[in-house]
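*Asks:* Here's a sequence, model it:
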Amino acid sequence: MKQIKNIGLLRKMSIFRGFIGLLGLYLLIASILPLFGWQLFIYGPFKLDAFDPIVGNALFLVITKSASFMTLSFFAFNYLQNRKPLSSVAPLLVYSNFTIIFGVIFLIQSDNTQWSHWALLFLLSAISVILFQENRKEAKKIFRDDW
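*Replies:* Here you go, the predicted structure:
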């Protein structure tokens, strides 16, 4: 009887892990598509729309959306590999790094960038370096007594 319960639990876990995998895949695709001028919607009618993220004031909104979705996708796939963050600073570090990556790409694609946009990315890069050092320090502290 106990074996049957374990099989039911395994089936539930595989459905959950499958859902996390599909969600991670959607987030990965939805974060990369704006680089090519497309946007994927799964709410409302499922559709793939062409749009120009560079036109108007939506540039930083698209950068934030892409970085957020890529961060969530990163941690979803890490979860599926049973890899947990080594510190509480890791999600902030990953998010800031993806914001820098998508920011640079979108600002290069944009025609109307200003020096303040690049200054903001430079400031975020400095914060990312500080977060990297804190992440390394905190990860060492966590595993100091394990060896």
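*Asks:* what's near enough to touch the residue nearest the centre of the chain?
*Replies:* If you average the C-alpha coordinates of the chain and look for the closest C-alpha using CA atoms, centre = their mean, you land on T71, 1.3 Å from that point. Contact partners of T71, counting by CB atoms under 8 Å, 6 or more residues apart in numbering, are 91, 94-95, 98. Quick note: C-beta positions are derived from backbone N, CA and C, even for glycine.
*Asks:* so which strand or helix has the residue nearest to S68 when sequence neighbours are not counted?
*Replies:* Of all residues beyond its chain neighbours, the one nearest S68 is Y95 (7.1 Å), with distances taken as CB to CB, 6 or more residues apart in numbering. Element membership of Y95, judged by DSSP states H and E, is helix 90-109.
*Asks:* For that helix, what does the pLDDT average out to?
*Replies:* Confidence over helix 90-109, taken as the mean pLDDT, stands at 93.
*Asks:* Offset the numbering so it begins at 2, please.
*Replies:* In the new numbering, first residue 2, that becomes helix 91-110.
*Asks:* Got phi/psi on K48?
*Replies:* Reported as degrees, to the nearest 10, the phi and psi values for K48 are phi -150, psi 160.
*Asks:* oh, I was asking about T114
*Replies:* T114 adopts backbone torsions of phi -80, psi 150, taken as degrees, to the nearest 10.
*Asks:* Identify the residue nearest it in space, chain neighbours excluded?
*Replies:* Leaving out its chain neighbours, T114 is closest to L108 (CB to CB, 6+ apart), at 4.9 Å.
*Asks:* Can you name the residues that contact the one you found?
*Replies:* 60, 114, 118-119, 122.
*Asks:* min pLDDT across those, which one?
*Replies:* Ranked by pLDDT, the contacts of L108 bottom out at T114, which scores 77.
*Asks:* From F52, how far out is that one?
*Replies:* Applying CB to CB, to the nearest Å, one obtains 19 Å for the distance of T114 from F52.
*Asks:* all strands of this protein, in order?
*Replies:* Chain-ordered strands for the chain, with DSSP state E as the definition, fall at 39-42, 48-51.
*Asks:* and the last one, which strands flank it?
*Replies:* Same thing as strand 48-51. Partner strands and pairing direction for strand 48-51 (DSSP bridges) are strand 39-42 (antiparallel).
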